[in-house]
Each structure stands twice: as C-alpha cells, then as structure tokens.
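# What follows is a predicted protein model with its sequence.
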Amino acid sequence: QTSSESTYIQREQPQSTMSLTLPDSYGYVVLSCVVGPVVATSFMAAPVMKARKKYDIQYPNMYAIPGYHKDADAFNRVQRGHQSVLVESLPSFTVTALVAGAYYPITMAITGVAWSIGAYLFQLGYADTNLDVKAARYKKGGMIFRIANGVALGAAFRMGGKMLGWWG
C-alpha cells in the first residue's frame, strides 16, 4: 500500500431489494387519502380563524380559557372540531388508507372522499352551540369520517392477514 491509498476498512453490507407493484388506480388513493384530507383540514382552519377573530382569542392561546374568555365554549368547540380531526384522526387514517389502498384502491379512494366530507361535517356539528356537545359532532354527518377510519383500519387489517396467509 502506498501512502496515497486510503487505509480504512470497508465492510460489505448485505443488500436486499424489494419491489412494490401498485395497481394502476392507486393514484386515486393518493388523491383522495392524502391530497383530499390535506385540503379538507386546510379549509377547516378557516372557521377557526373566523372564530378566533369573532371571540377575540389571541395567539398563542390554542384554546379559550373558560372564565377568562367570555365565549370560551363557543370558540373551543370550533377549535376542538378541527384539532380532533387534524391530530387524532388524520395521521392514522392516512397511513392505513395508503397501505390498504395497495390491495383495495377503489374502496380506499371512495373512503378518502368520505373521510374528507365527514371530517368537515364533524367540525360543523361540533361548532353548533345549539346542540349538546356530546352529540353535536355526529348530528350533522360527522360519523361519516369515523366510519371511514374504521373502513381503512379494517382494510389494512384484512390486507395484513392476507399477506400472512391467515385467510384467502
């Protein structure tokens, strides 16, 4: 070895290759289960901004403080409807729908559209102070997005079971 040659040890790593073939209609899954929910939750931010201005809830407060803000409940219902969808549902829905879409692309594409519509209706109901808060989320169609979550989870579970040979 000459002094100009490097003297480090290179380990050979085993290489594995995996290919994934997606159905031709998988683009519909991407549009309805990724793009659609991002657009829907972005539109759902508008009522929050409107309520923030209407009820004078200043940043950095994410929620209004009961007893401090006069209309805390009214604002918090709008905000909670958005946050519930954005934080508690969107991540798990997107992952399960994208995975399940590899086997069930049309079902997941339809489910993605239902999720986006249902999420908007969920917030609309939640924000309605004329309705009891426990039922308000579902009175105007919000259950649609919960059902869509269940469909995506069930389809991903079924797909996993098929891959493991648990059922045909």
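Nice, thanks for sending it over.

# Grab the nearest non-local neighbour of the residue minimising distance to the centre of the chain.
When CA atoms, centre = their mean is applied to the chain, the residue found nearest the centroid is Leu90 (1.3 Å). Leaving out its chain neighbours, the residue that sits closest to Leu90 by CB to CB, 6 or more residues apart in numbering is Pro37, at 5.7 Å. For the C-beta atoms, the positions are set from N, CA and C on the backbone; glycine is no exception.

# Beyond the host helix or strand of Val113, next helix or strand please.
Using DSSP states H and E, Val113 maps to helix 105-127. For helix 105-127, the following helix or strand on the C-terminal side (DSSP H and E) is helix 133-139.

# what's that next one in contact with?
Contacts with helix 133-139, where a contact means CB atoms under 8 Å, 6 or more residues apart in numbering, come from Arg77, Gly81, Ser84, Phe122, Gly125, Tyr126, Ala127, Asp128, Leu131, Arg146.

# Which residues are in contact with Ala45?
Ala45 is in contact with His82, counting by CB under 8 Å, 6+ apart.

# helices or strands up against the helix holding Val113?
Helices and strands touching helix 105-127, by 3 or more CB pairs under 8 Å, 6 or more residues apart in numbering; DSSP states H and E, are helix 26-30, helix 36-54, helix 72-83, helix 90-100, helix 133-139, helix 143-163.
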